[in-house]
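*Asks:* I would like the atomic coordinates for the input below:
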Amino acid sequence: MAQTSYLQKSGLGIMINHAQKINLILLNISLLCVLWLKPAVAQKYTAEFLSIGVGAKALGMGGAYVAIANDGSAVFWNPAGLAQLPKREISLMHSSRFSGLVHANFVSLVLPDKNQNAFGLSYLRIGIEDIPKSTKLDQNDRPIIEGYFNDTEHAVLFSFARQSTADFYFGANLKTIHQVIGDHSSLGFGLDFGALYKYAEHLKFGIMLQDLTGTYVFWDTGKRDIRYPALQWGVAIGYPVRLLAGKITVAASQNIRFEGKNVEDAFAIGEIAGSDFLFGAEYILMNSVALRVGVERSFLTAGAGFSFGFFEIDYAYVSHDLGNSHRISGRIMF
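*Replies:* Okay, the predicted model is just below:
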């Protein structure tokens, strides 16, 4: 999932650490482009916060989760997976990203019924506070801080999933987006669709079409942005192992943005062809302890999880040039 582009789009003038910083002027220009200037630039980063991913289990596996999607975070990875849940579930996540600069919180409620349907309601909030604002340089070519502002982004998702046969699942999200950057705000609407297929006992295929018809975002400046459709597909293979009554799962997926933007390239104005590959593995011991590792593009991820019957807690670590991220999530089944 995209990490660099989101921070560079909205994190104006934030120092990453003593060795790494983002140029204030360049970032201010980037935000102005998003809000008022060239549509082609703005649309590349429309509602980019939706690309960060949720759930420490999925993120510990590098985000290669579209063919697994067996918990409440499936609303973001593949809503079809919600129909796999045997019980009602509440999922929670807190994330501290880029050495504590960006904070994310996620909560979801999934309600399966007796007719092989599942209904979900989810909320995601991303926030960056006290962002320095600068549009001028002093005599030493250093940015002059004119004030501070916040960037908060919200998404609410209404989900439906169904198991139509013993091996096939499908699902969809209707989502609303609300962004507040400084004195400006936006409102948007979008649609996602996902499908999941189990082949034999150990092999699963998944596909997710995000922003199926394009997600339209309307700003109070009068501008209208479009978040273009994206495709994610993947495969997962799981086998039991004798050691400590374990099970190992290996997964891989590919993310494709239809407008041709590679999510790793943050300030490119022209279209750049490319896609991102994600890989992950999980080893579950005695159905109670899970160890995870993954690769999200060129960045390593790792994680662990503990199951206590009706309650599970997971942790994920994601490395990045701009600062490491920590994700903690939990799920309650009832």
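*Asks:* residue 75: what secondary structure?
*Replies:* helix (DSSP: H, G, I helix; E, B strand; the rest coil).
*Asks:* what pLDDT does it get?
*Replies:* On pLDDT, residue 75 comes in at 96.
*Asks:* thought it was touching residue 158?
*Replies:* No: in this structure residue 75 lies outside contact range of residue 158 using CB atoms under 8 Å: 9.3 Å. Backbone N, C-alpha and C define where each C-beta goes, glycine included.
*Asks:* neighbour-wise, which of the two wins?
*Replies:* The residue with more neighbours, out of residue 75 and residue 158, is residue 75; 31 against 14, by other CB atoms under 10 Å.
*Asks:* just to revisit the earlier point, what's the overlap in contacts for residue 75 and residue 158?
*Replies:* 120, 173 (CB atoms under 8 Å, 6 or more residues apart in numbering).
*Asks:* what strand or helix carries the residue of the chain most remote from its centre?
*Replies:* Residue farthest from the centre of the chain, counting by CA atoms, centre = their mean, is residue 139 at 41.3 Å. Under the criterion DSSP states H and E, no helix or strand holds residue 139.
*Asks:* just list the residues touching it, thanks.
*Replies:* Residue 139 touches nothing, counting by CB under 8 Å, 6+ apart.
*Asks:* tell me the pLDDT of it.
*Replies:* 80.
*Asks:* again with residue 205
*Replies:* Reported pLDDT for residue 205: 98.
*Asks:* give the closest residue to it in space, chain neighbours not counted.
*Replies:* residue 197 (4.7 Å; CB to CB, 6 or more residues apart in numbering).
*Asks:* what of residue 199?
*Replies:* residue 205 (6.7 Å).
*Asks:* please apply the same query to residue 120.
*Replies:* Using CB to CB, 6+ apart, the closest residue to residue 120 is residue 159 (3.4 Å).
*Asks:* list the contacts of that neighbour.
*Replies:* So residue 159 contacts 75, 79, 82, 110, 118-122, 171-174 (CB under 8 Å, 6+ apart).
*Asks:* check contacts around the residue most central in space within the chain.
*Replies:* Centroid-nearest residue in the chain: residue 53, 1.7 Å away (criterion: CA atoms, centre = their mean). Contacts for residue 53 (CB under 8 Å, 6+ apart) come out as 1, 59, 63, 76-77.
*Asks:* which of the residues you listed are buried? Put it as a ChimeraX command.
*Replies:* Buried residues within the contacts of residue 53, by 16 or more other CB atoms under 10 Å, are selected in ChimeraX with:
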select :1,59,63,76,77
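*Asks:* same list (the contacts of residue 53) but as a markdown table, adding distance to residue 230.
*Replies:* Formatted as a markdown table, the contacts of residue 53 follow (distance: CB to CB, whole Å):
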| residue | distance to residue 230 |
| --- | --- |
| 1 | 11 |
| 59 | 18 |
| 63 | 13 |
| 76 | 12 |
| 77 | 12 |
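*Asks:* closest one to residue 190 out of the contacts of residue 53, please.
*Replies:* residue 76 (12.4 Å; CB to CB).
*Asks:* I'd assumed residue 55 was in contact with the closest one.
*Replies:* Yes: under the criterion of CB under 8 Å, residue 76 makes contact with residue 55 at 7.5 Å.
*Asks:* in the helix or strand hosting the residue nearest to residue 205, what's buried?
*Replies:* Assigning secondary structure by DSSP H and E places residue 197 in strand 184-199. Of all the residues in strand 184-199, those buried under the rule 16+ other CB under 10 Å are 184, 186, 188, 190-198.
*Asks:* cool, stretch 98-111 as well?
*Replies:* For stretch 98-111, by 16+ other CB under 10 Å, it's 98-99, 101-102, 104, 106-108, 110.
*Asks:* swap in stretch 169-182?
*Replies:* Neighbour-count burial for stretch 169-182 [16+ other CB under 10 Å]: 169-173, 175, 177-181.
*Asks:* restricted to strands, list these.
*Replies:* 169-173, 175, 177-181 (DSSP state E).
*Asks:* strands along the stretch 101-250 of the chain, start to end?
*Replies:* 102-112, 117-133, 147-163, 168-181, 184-199, 203-210, 215-219, 224-227, 230-241, 246-257 (DSSP state E, counting those that start in this stretch).
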